[in-house]
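Asker: Need coordinates for the below:
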Amino acid sequence: MKNILLVCAAGMSTSMLVNKMEEAAKNKEDEIRINATSGGELEKYVEDADVLLLGPQVSYLLNDYKDKYANIPVEVINSVDYGTMNGQKVLDWALNLIEK
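Answerer: Residues are numbered from 1 along each chain as shown. Purely as a prediction, here's the structure:
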C-alpha cells in the first residue's frame, strides 16, 4: 500500500486533484491510497503518508514541513499540473518520489 497525502489551505482544491489521481491509479498494479487535507488537519493523516505533496498556495510551508516530516519526501505540486488537475502526472511524480 502506498499512501499519498496532499495538503492545501482548506483541502478543497486538492480534493478535486485527488479524484483525478484516483482515476489514474486504477491503471496501476499497486494499491494506492490518496488523501487530501488542510494544513490544520495534517497531523491526523501524515503518520501514514509515504509522500506529502503541497498545493502551490501553501508552498511557503515547504521548508517547515521538510524539517518536521524529514522521514518522507515533501514537495510542492507543479502549479501547471495543479491548475490543470493533471492527476496522471501528479500521481506518477508522487510514486516516483516514494521510490527514491
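Asker: ok, the closest residue to Leu42 other than its chain neighbours to Glu31 distance?
Answerer: The shortest distance from Leu42 to any non-neighbouring residue, by CB to CB, 6 or more residues apart in numbering, is to Val7 (5.5 Å). All C-beta spots, glycine's among them, are computed from the backbone N, C-alpha and C. For Val7, the distance to Glu31 equals 22 Å [CB to CB, to the nearest Å].
Asker: Also Lys2?
Answerer: From Lys2 to Glu31 the distance is 7 Å (CB to CB).
Asker: And the pLDDT at Gly11?
Answerer: We have a pLDDT of 62 for Gly11.
Asker: now Ser38
Answerer: 89.
Asker: again, but for the one 4 residues further on
Answerer: We note a pLDDT of 91 for Leu42 in this prediction.
Asker: for it, helix, strand, or coil?
Answerer: helix (DSSP: H, G, I helix; E, B strand; the rest coil).
Asker: returning to that earlier point: looking at Val7 and Glu31, which has the bigger crowd around it?
Answerer: Val7 (26 against 9; other CB atoms under 10 Å).
Asker: Okay, and the more buried one sits in which element?
Answerer: strand 2-8 (DSSP states H and E).
Asker: In the following helix or strand past that strand, which residues are buried?
Answerer: Per DSSP H and E, the first helix or strand lying C-terminal to strand 2-8 is helix 12-25. By neighbour count on 16 or more other CB atoms under 10 Å, the buried set for helix 12-25 is 13-14, 17-18, 20-21, 24-25.
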